[in-house]
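J.: Any chance you can model this:
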Amino acid sequence: MTNRLSLAALALALAAGPAARAQQQAASPGAAPAQTPPSPRPNPAADRAGHLSDVMVRDLRLNGYQAARLRAINADKTTKLEAAERTNAKNAPVLDQQRTGIYHERDQELQAVLSTEQYSNYFDARNRYNKADRDYASTASQATTQAFIKSVQNPAPARANNATIGPANPKATTRPAGNLGRNAR
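T.: All right, here's what the predicted structure looks like:
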């Protein structure tokens, strides 16, 4: 009988433990607030893949599964394209060869995801999709460059109260005459 009572008391204590801790944390006013997740950083490759995927999903009339697979494929291929564009920016023939290989990989992967009619429509329009992707990438990079130049030329205030860095005001730097605190005698 005492074993049953002690087991019941143990089970009750274990069940009440997390609830009591949660109440204690909520009741303590000095407790630190929960951490907010950091804001996502802009990712040009993800934006580029998302834009291309949105256009393709709309044009090809994909279902949810196909759209999810297409987005994953485009994210992978866009990352590869951006890496190739960075490494071979000054060597156009090599860049074109790598682009062709990446586009061929995308074609093969999409053939497994799309229906015959959808793939036929994609294959007919793939040059248009590739051009739209390159155009979006070039305008996005130009916009990023312009935003960077603007931020350097006109820096935003570093503090929340809109304080800016500028020449010191000599009148504001003089100390007031009189009592300067507890150490003044």
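J.: quick one: the helices in the chain?
T.: Here the chain has its helices, by DSSP state H, at 2-27, 44-60, 64-87, 92-113, 116-153, 170-173.
J.: what about the last one, average pLDDT?
T.: In this model, helix 170-173 has an average pLDDT of 57.
J.: same check, this time on the second one
T.: What helix 44-60 shows for mean pLDDT is 86.
J.: close enough to count as contact, Met56 and Tyr129?
T.: Yes: the pair Met56 / Tyr129 is scored as a contact, 6.3 Å apart, by Cβ atoms under 8 Å. Where you see a C-beta, it was placed from the backbone N, CA and C, and this is true even at glycine.
J.: joint contacts of the two?
T.: Contact criterion Cβ atoms under 8 Å, 6 or more residues apart in numbering; residues shared by Met56 and Tyr129: Tyr122.
J.: thinking again about what came up before, by mean pLDDT, show me the worst of the helices of the chain.
T.: Among those, helix 2-27 carries the lowest mean pLDDT, a mean of 53.
J.: Show me which of Met56 and Tyr129 is the more surrounded one.
T.: Between Met56 and Tyr129, counted using other Cβ atoms under 10 Å, Met56 has the larger neighbour count: 26 against 18.
J.: Pull the contacting residues for Ala137.
T.: Ala137 is in contact with 44, 48, 81-82, 85, counting by Cβ under 8 Å, 6+ apart.
J.: do the same with Ala132
T.: Shown in contact with Ala132 (Cβ under 8 Å, 6+ apart): 52, 55.
J.: where's it relative to Lys77, distance?
T.: 14 Å (Cβ to Cβ, to the nearest Å).
J.: residues contacting Arg126?
T.: Counting by Cβ under 8 Å, 6+ apart, Arg126 touches 103, 107.
J.: Then the one 5 residues further on?
T.: The contact partners of Lys131, by Cβ under 8 Å, 6+ apart, come to none.
J.: Quick check: it vs Val113, distance?
T.: 22 Å.
J.: swap in Ala75?
T.: For Ala75, the distance to Val113 - Cβ to Cβ - is 14 Å.
J.: ok, Thr79 to Tyr119 distance?
T.: Remark: distance between Thr79 and Tyr119 (Cβ to Cβ) = 23 Å.
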